[in-house]
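Enquirer: got a structure for you, letters missing:
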């Protein structure tokens, strides 16, 4: 018998990242080069709405391990936080101490209280995420290098107590 997980439409350009809510009710989120993040409810998954809060490519989208929220990061140098069930914007990372280049990736820590972001500015930043969904810079890690595009940080992972 045929089965489907749903329909994933709503983007007009390339999709760059996707993730799923690991707890019920299940959700899927996508983001891409059209400056959009899309929110789907299911299963079977159906398009619910587009999120138009970024002014450049939305490079990465990740649900918190507890499913309560998700975050988008973008080439507009912003990190925005959304309610995991409804997809409504609830907070953002502070601009104080923020990235000065495109943010390419984000990863949550296991307890859903911090995120790691990496950027074209050659830095990785750890952010504390508070109950009101605001994010404050905790620390910056700089990658020493020889300069140029080879030093950009484009991927990250927070696995148990380790940052990669």
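Expert: Cool, got the structure. Owing to the predicted nature of the structure, the values given are computational and were not obtained by experimental measurement. Residues are numbered from 1 along each chain as shown.
Enquirer: Give me the number of neighbouring residues for residue 96.
Expert: 7 (other Cβ atoms under 10 Å). Just so you know, the C-beta spots here come from the backbone N, C-alpha and C atoms, and that holds for glycine as well.
Enquirer: Write down the beta-bridge partners of the closest residue to it other than its chain neighbours, one by one.
Expert: If the residues on either side of it in the chain are set aside, residue 96 comes closest to residue 137, at 6.8 Å by Cβ to Cβ, 6 or more residues apart in numbering. According to DSSP bridges, the partner residues bridging residue 137 are residue 127.
Enquirer: my guess is residue 137 meets residue 94, correct?
Expert: Yes - using Cβ atoms under 8 Å, residue 137 is in contact with residue 94, at 6.2 Å.
Enquirer: what is in contact with those two at once?
Expert: Counting by Cβ atoms under 8 Å, 6 or more residues apart in numbering, the contacts common to residue 137 and residue 94 are residue 127.
Enquirer: which of those two has more neighbours?
Expert: residue 137 (17 against 14).
Enquirer: What does the pLDDT read for the more buried one?
Expert: Per-residue pLDDT puts residue 137 at 97.
Enquirer: Let me see the contact set for the closest residue to residue 57 other than its chain neighbours.
Expert: Distances taken as Cβ to Cβ, 6+ apart put residue 75 closest to residue 57, at 4.4 Å, once the chain neighbours are dropped. Contacts for residue 75 (Cβ under 8 Å, 6+ apart) come out as 56, 57, 59, 102, 103.
Enquirer: can you pick the most crowded of these?
Expert: Most surrounded of the contacts of residue 75: other Cβ under 10 Å gives residue 103, at 28 neighbours.
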